[in-house]
Structures are given as structure tokens and as C-alpha cells.
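*Asks:* Sequence and predicted structure below; questions after.
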Amino acid sequence: MEGNNVQIITLTSPESASSTSHLLNTSSNLMAGNYSSSSGVLSQDSSSSFSNSIAEDNSSDCKRKKFKSCSSESPKIISKFKPFEEKLEERLWSVLCCAVCLELPLTTIYQCSKGHLICISCFHHLMADSKLKEENATCATCRCIINRDSVYRNLAVEKAIRELPANCQHCNKMLTRMQLYGHENDECEERPVSCCYNRLGCPWRGPAHEKINHEDACQHPNRSGHEVLQYLEKVDKTLKEDKDLLDSILNLISTSDRFHIQDAQFKSFRTDEYIHRLFFETAKFQAFELSKSQLSNDNQNGFQFVVKARVNDDQKDPTQSCERKMTYQLVLKSSKITSPIKVHYFITNSPYDHDEIKLKTKIKVYSYEFSDNNCESPYTLLPLLSSGECNRLLSFKVINFRICMFLEPKQKY
Ligand SMILES: [Zn+2]
Ligand SMILES: [Zn+2]
Ligand SMILES: [Zn+2]
Ligand SMILES: [Zn+2]
């Protein structure tokens, strides 16, 4: 239980790390011309002519010769090819890029049944949109239906993207995209770094190669204990939030004599409104066993609950927004309870899920006092690690999770 909590708090999203920033900015400008002429994706004709030319000539020198001879003899044929001045990697951009975001992300790349490419985060976004709109997700290029069963990973494209060159965003050095991640984060001499005395309050941030000179001259180690203390208090404050959360959970575990852990599944439903809104609900489950004398009339051994969830609850049409968030509520289904009960609860991932489908959320403890008249807690935020994480969850048929519930101590139930 404890180990589980610690693990969740420190979780980071593997997708967000790899899908960010290190993309070739200059090339995207260079390639803008291609996109406008081909809508970001090669037409059947141009892609087959590309693959034919690869099949005919394996070496680029050979291709170049052929291209030159074409250019002098028959200008009409040239128009089928990309301008010769473009480098191979620039030409490959439009061949290998995601048909939705037009980027070359270092993530899982899927293809539709006809072979059109889509990166995993765009796939999740399309799947989430389709679920919210109650319609099928379709390939951005050929409009065939896409879902988890109809798309396949394209490992060759994933590997090819890793081998394509891109420029370091700090020093402009050209490396393969695979090397670039490590270079930009750990090796680049121009990458921004902090002074080693930043815990003592030094705000300096500059290129890595200036760090040693700065630290030699930095005045912060010479500051008085009093000044340093002020900065340490700021650091302590941010650490305190994490500690308070752990303390509150430990406190609940050690003081509450009634707690319940439920592994449940959100299944999707539609509201009866004019525009059917998507919502999620679990099956009924029973928590906090009761003795017979404490029972009300409904022949249950404990309280019956369900959990409900919504997406972008504060918006009329969640599909209009790129930012997605999920809120949830705990609903008491038992009627005629003899006196109010206060329940503390939080949602975390189900320990039985493998990593690919595991819910990635921080932990936030909520509490609500249930009574005969107040059976529904307010909708509160499920603190998912990112908006993309919400899309990812929406792309699954069901969402597995675990809810931990604690009955307020000293209650006579
Ligand atoms: Zn994409
Ligand atoms: Zn397609
Ligand atoms: Zn660099
Ligand atoms: Zn400094």
C-alpha cells in the first residue's frame, strides 16, 4: 500500500518526455511548401513514384545521375519529383511525418489499414474526440475508420525517424533525433543550467560552459545564515505539500478502523440531454461492512457506492478544447442510512494493469459527508498528469482504477 503510493507520486509520463520540443524547427519552415502542395501527406501518385525511385536505385548517387539526365532531357518528368535542392532528410519529412500534427515525434507511430501514419498522441486525441462526439474516429488522410484493433505500429518508420538528423535547439549542432535527446539534456555546452547554489537562492541560469566560471565568482556561498534561511524556507514550503499528503494518507490508514479499497472500471454512457454528453460510471460496489443491528432496510451488508466521472465538465462542447480534464464524484446508493457518514477518498491506478493502460494520476484526498439527503459528493478533479493523459484514457473502452475510501474515525458504524 505504502509502496504503491510512493510509486504513483513519482510517476512521470514517458510520452511527454519524448514528444516535446526537440523537433526540427527550421525544417518545418522549409517543408511548409510541401505541405501546402500535398496537404501534409503525399498523394498516392507521388508516394508511389518515390518508392519506385528507391526501388530502382539504391544509392543516392545513382539517383542523382538519373535525375540529372532527366532534367536535361525531359522537364515534364521533373515536376513529379521534389525540388532537387532539398536534402534527403527534408524530403523524408513529408513521407514520415504524422498526418495530423505533421511532426516527426520520437514516439509510437501507428498506421491505418491503408498505411497512413499517425503518432500516438494524435491517435489518442482523435479517439478521445470520437468518444466525446459519439462517432467513429477516422484516418486524417483516407477517412477509413481507426481504432485500437485496426491500427498497427510501424516500427520501420519509428526507427527511420530516430535516424533522421535534427538540429540541437541550443547549439544548432546536427545529430540524429535519437542522439539529440541525450545531447540537449545532458551534453550540450549551450544547454541552460542552474548555479549549484540555487538552493541558497542564486537565481543564475546560463549556458553549461559558463557554469564553472559563475560558480567560482558566485556570492551566494558567502551569504549570512539568516539570508540563506529565508530561501530554505521557500524550498521547505514546496516539499511540505508532498509531505502533508503522505501524512494525511498515513493518518487515515492508522486512525480509520474502516477502510475499503475497490478496484473498479469506468464504463462510458450518454446523458439524455438534447446533445448527449459522455459520462462514465462504475458498477455498484459495497464498502464498509456493517453488523446486522446497524443495517437499514435494504438487506445490504454495507454501504453501496458508485463512482461517476465527466470530461471537461465546465464546457458546453469538450471537443472544442484541446485541454482535457476529468472530474469525478462518489455517489452513495444506499438509502435510509441511520446517521451521516464522512468518507475520505482518493483515486489511484489499478495495480493489475500493465503500464500501457495504467492510469497516471497524482493523488489528492477528498472528503464528503454523506447523509440521506446528500448522497452525491461534488465533482472534483482527478489530477491526471497531463491533458494528453486524459485523451489517452478516453481512447480505451474502459478505464480501470482503484479507489481508496476511509470512514471518518470514531463513527459508530
Ligand atoms: Zn501527430
Ligand atoms: Zn488512412
Ligand atoms: Zn547542443
Ligand atoms: Zn550562483
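*Replies:* Looks like it came in fine. Ligands and ions are numbered 1, 2, ... in the order given.

*Asks:* Could you report the neighbour count for residue 89?
*Replies:* Applying other C-beta atoms under 10 Å, we find 17 residues neighbouring residue 89. For every residue, glycine as well, the C-beta is placed using N, CA and C.

*Asks:* what about the closest residue to residue 174 other than its chain neighbours, neighbour count?
*Replies:* Distances taken as C-beta to C-beta, 6 or more residues apart in numbering put residue 165 closest to residue 174, at 4.9 Å, once the chain neighbours are dropped. Neighbour count of residue 165, defined by other C-beta under 10 Å: 17.

*Asks:* Tell me which helix or strand comes right after the helix or strand residue 244 falls within.
*Replies:* Following DSSP states H and E, one finds residue 244 within helix 225-255. Remark: after helix 225-255, the chain's next helix or strand is strand 259-270, criterion DSSP H and E.

*Asks:* how much does that next one deviate in direction from helix 225-255?
*Replies:* Taking axes from the mean of the first three to the mean of the last three C-alpha atoms, to 10 degrees, one finds that strand 259-270 is oriented at 90 degrees with respect to helix 225-255.

*Asks:* for strand 259-270, which positions count as buried?
*Replies:* For strand 259-270, the neighbour count (16 or more other C-beta atoms under 10 Å) marks 259-260, 262, 264, 266, 268 as buried.

*Asks:* Quick check: mean pLDDT of it?
*Replies:* Averaged over strand 259-270, pLDDT sits at 91.

*Asks:* From the rest of the structure, what touches that strand?
*Replies:* For strand 259-270, the surrounding residues in contact (C-beta atoms under 8 Å, 6 or more residues apart in numbering) are 131, 134, 252-253, 276-283, 285, 287-288, 305, 307, 309, 350, 352, 398-407.

*Asks:* tell me how far it is from the chain's mean position?
*Replies:* 21 Å (C-alpha atoms, centre = their mean, to the nearest Å).

*Asks:* Residue 219: neighbouring residues, count only.
*Replies:* 9.

*Asks:* Would you quantify the distance from it to residue 339?
*Replies:* 63 Å (C-beta to C-beta, to the nearest Å).

*Asks:* Then residue 349?
*Replies:* Where residue 339 is concerned, residue 349 sits at a distance of 34 Å (C-beta to C-beta).

*Asks:* circling back: quick check: strands, which of the contacts of strand 259-270 are part of them?
*Replies:* Judged by DSSP state E, strands contain the following of the contacts of strand 259-270: 278-281, 285, 287-288, 305, 307, 309, 399-407.

*Asks:* If any of those residues are buried, put those into a PyMOL selection.
*Replies:* Selecting only the buried entries of those in PyMOL, with 16+ other C-beta under 10 Å as the criterion:
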select buried, resi 278+279+280+281+285+287+288+305+307+309+399+400+401+402+403+404+405+406+407
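
*Asks:* where does the stretch 1-150 of the chain have low pLDDT?
*Replies:* Counting by pLDDT under 70, the stretch 1-150 of the chain contains low-confidence ranges at 1-84.

*Asks:* buried sites along stretch 384-398?
*Replies:* 384-396.

*Asks:* first vs last residue of it, how far apart are they?
*Replies:* 16 Å (C-alpha to C-alpha, to the nearest Å).

*Asks:* now check it, is it near ligand 1?
*Replies:* No: Stretch 384-398 stays clear of ligand 1 (C-beta under 5 Å from the ion), getting no nearer than 11.2 Å.

*Asks:* got a list of contacts for that stretch?
*Replies:* 11-13, 15-16, 121, 123-125, 127-128, 131-132, 148, 265-267, 311, 322-326, 357, 359-362, 399.

*Asks:* dump the residue contacts of residue 207.
*Replies:* Going by C-beta under 8 Å, 6+ apart, the list of residues near residue 207 reads 170, 189-193.

*Asks:* pLDDT value on it, please?
*Replies:* So residue 207 comes in at 96 (pLDDT).

*Asks:* One more: residue 181?
*Replies:* pLDDT, read off for residue 181, is 88.

*Asks:* what's the spacing between residue 128 and residue 392?
*Replies:* Where residue 392 is concerned, residue 128 sits at a distance of 8 Å (C-beta to C-beta).

*Asks:* before we move on, what about residue 334?
*Replies:* From residue 334 to residue 392 the distance is 34 Å (C-beta to C-beta).

*Asks:* thinking again about what came up before, tell me the buried residues within the contacts of residue 207.
*Replies:* 190-191, 193.

*Asks:* So which residues of this structure form helices?
*Replies:* 2-9, 14-19, 25-30, 32-38, 44-56, 60-73, 75-78, 88-96, 120-133, 155-163, 177-182, 211-217, 225-255, 387-394 (DSSP state H).

*Asks:* now the last one against helix 120-133, angle please.
*Replies:* Between the direction of helix 387-394 and that of helix 120-133, the angle (the same axes, to 10 degrees) works out to 60 degrees.

*Asks:* Mean confidence (pLDDT) on helix 387-394, please.
*Replies:* 91.

*Asks:* tell me how far that helix is from the chain's mean position?
*Replies:* On C-alpha atoms, centre = their mean, the centre of helix 387-394 falls 6 Å from the chain's centre.

*Asks:* Can you show me the CA trace of that helix as PDB?
*Replies:* Extracted C-alpha coordinates of helix 387-394, given in PDB (Å, rounded to 0.1, in the frame of the first residue of the first chain):
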ATOM      1  CA  SER A 387      -4.200  16.800 -20.700                       C
ATOM      2  CA  GLY A 388      -2.800  14.200 -23.100                       C
ATOM      3  CA  GLU A 389      -3.200  11.600 -20.400                       C
ATOM      4  CA  CYS A 390      -7.000  12.300 -20.400                       C
ATOM      5  CA  ASN A 391      -7.100  11.700 -24.100                       C
ATOM      6  CA  ARG A 392      -5.200   8.500 -23.700                       C
ATOM      7  CA  LEU A 393      -7.700   7.300 -21.100                       C
ATOM      8  CA  LEU A 394     -10.600   8.200 -23.300                       C
END
